[in-house]
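below is the sequence, then the predicted model.
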Amino acid sequence: MTDTASTLYLRLLKRCVTRTLFPDATWDRDLTRVDPFDPTRREIGRDWPTEAVTMVGMRRLDNLQKCIETALADQIPGDLVETGVWRGGCGILMRAVLEAHKDDSRCVWLADSFEGLPPPSPAKYPQDANDMHSQLTPYLGVSLETVRHHFQEFELLDSRVRFLPGWFHETLPTAPIERIAVLRLDGDMYESTHVALSALYHKLSVGGFVIVDDYGALPNCRRAVEDFRAANGIGERVITVDWTGVYWRRTR
């Protein structure tokens with residue numbers, strides 16, 4: 001693709017996965033009422049879409065694209081990884097960026113239980129005590145078959161899209177990922193975030209990016225990030241994307 005065609009393609013894809021191009025509706029947080037589409041809330045990923053294949057909003061998608069394109073331009077070695085994929089929208093964008101930039105050397109790894117979030121384990125992770133995400137499985141639990149179908153709809157399902165189904169503590173420590181250029185974390189809970197960082201951060205190339213979706217919204221996720229960074233002497237500045245998303249770039 002030319003630069004102009006690539007820009008237009010990726011912009012159109014982001015508008016499709018967020019359903020800002022053909023608006024859907026949004027659930028309230030109790031999943032009992034459907035409200036009209038609000039473009040302001042969708043822009044910053046502050047609603048629960050009924051049909052869109054991502055809930056992160058345009059700003060976080062723009063940031064994800066920028067991180068990937070910077071890694072490609074700077075020739076940072078490694079694959080693209082997402083832990084917690086929901087309906088697959090961010091993973092679809094990851095694969096689309098590789099396609100738009102004619103990069104056929106990298107894979108997109110997508111780790112998820114495809115069954116929703118686990119019940120908290122307060123004995124091991126007291127930071128997750130009283131976490132309620134496991135009760136939202138009817139909405140947050142999206143099957144692998146459904147996610148694969150969404151990739152097929154965008155004509156982006158191929159051998160370089162690799163799924164890691166199962167709980168993170170079972171799949172990530174032994175995942176056959178050699179190096180990572182962009183690592184996107186969307187596990188919501190302390191346990192999910194801590195396990196992902198512990199299993200994968202050492203594979204992140206210098207110059208690679210870590211993106212954390214729930215840093216601002218969920219205190220237990222933020223605590224997991226802060227604890228891991230402190231324990232491992234990670235001093236790179238955490239940069240705010242919007243009301244909840246953050247990222248940093250590994251420098252050493």
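Okay, I see it. Numbers count the residues shown, from 1 in each chain.

any weak-confidence spans in the chain?
Along the chain, segments meeting pLDDT under 70 span 1-2.

distance of Arg223 relative to Arg229?
11 Å (Cβ to Cβ, to the nearest Å). (C-beta placed from N, C-alpha, C; glycine too.)

check Pro118 too.
24 Å.

and after the lengthiest helix in the chain, which helix or strand comes next?
For the chain, the helix with the greatest residue count under DSSP state H is helix 57-73. For helix 57-73, the following helix or strand on the C-terminal side (DSSP states H and E) is strand 79-83.

got a list of contacts for that next one?
For strand 79-83, contacts defined as Cβ atoms under 8 Å, 6 or more residues apart in numbering pick out 68, 90-91, 94, 98, 106-112, 168, 172, 177-187, 192, 196, 200.

neighbours of Leu117, how many?
24 (other Cβ atoms under 10 Å).

now it, nearest residue through space, not along the chain?
Spatial nearest neighbour of Leu117, excluding adjacent residues (Cβ to Cβ, 6 or more residues apart in numbering): His133 at 4.0 Å.

quick one: the helices in the stretch 151-252 of the chain?
For the stretch 151-252 of the chain, applying DSSP state H, counting those that start in this stretch gives helices covering 168-171, 190-200, 219-231.

most tightly packed of those helices?
Neighbour counts (mean count of other Cβ atoms under 10 Å) averaged over each of the helices of the stretch 151-252 of the chain peak at helix 190-200, with a mean of 24.

who touches that helix?
Outside helix 190-200, the residues that touch it by Cβ under 8 Å, 6+ apart are 81, 83-84, 111, 117-118, 120-121, 124-125, 127-128, 131, 168-169, 172-173, 175, 177, 180, 183, 185, 187, 210, 212, 214, 220-221, 223-225, 227-228.

and the angle for that helix with helix 219-231?
30 degrees (axes from the mean of the first three to the mean of the last three Cα atoms, to 10 degrees).

count the neighbours of the closest residue to Lys203 other than its chain neighbours for me.
Counting by Cβ to Cβ, 6+ apart, Ile180 is the residue found nearest to Lys203 once chain neighbours are left out, at 4.8 Å. For Ile180, the neighbour count with other Cβ under 10 Å is 25.

bridging residues for Ile180?
Beta bridges link Ile180 to Asp79, Leu204 when assigned by DSSP bridges.

cool, and the one 5 residues further on?
The bridge-partner assignment for Leu185, based on DSSP bridges, gives Thr83, Val212.

pretty sure it sits against Phe209.
No: using Cβ atoms under 8 Å, Leu185 makes no contact with Phe209, being 11.0 Å away.

give me the common contacts of these two.
Counting by Cβ under 8 Å, 6+ apart, nothing touches both Leu185 and Phe209.

ok so, going back, tell me which of the helices of the stretch 151-252 of the chain lies nearest to Pro36.
helix 219-231 (29.2 Å; Cβ to Cβ).

what does that closest one contact?
127-128, 131, 187-191, 193-194, 197-198, 201, 212, 214-216, 234-235, 238.

what about burial for the residues you listed, which qualify?
Neighbour-count burial (16 or more other Cβ atoms under 10 Å) applied to those gives 127-128, 131, 187-191, 193-194, 197-198, 201, 212, 214-216, 234.

can you tell me how far the closest residue to Phe151 other than its chain neighbours is from Thr137?
Of all residues not flanking Phe151 in the chain, Leu157 sits nearest, at 3.8 Å (Cβ to Cβ, 6+ apart). Computed as Cβ to Cβ, the Leu157 to Thr137 distance reads 25 Å.
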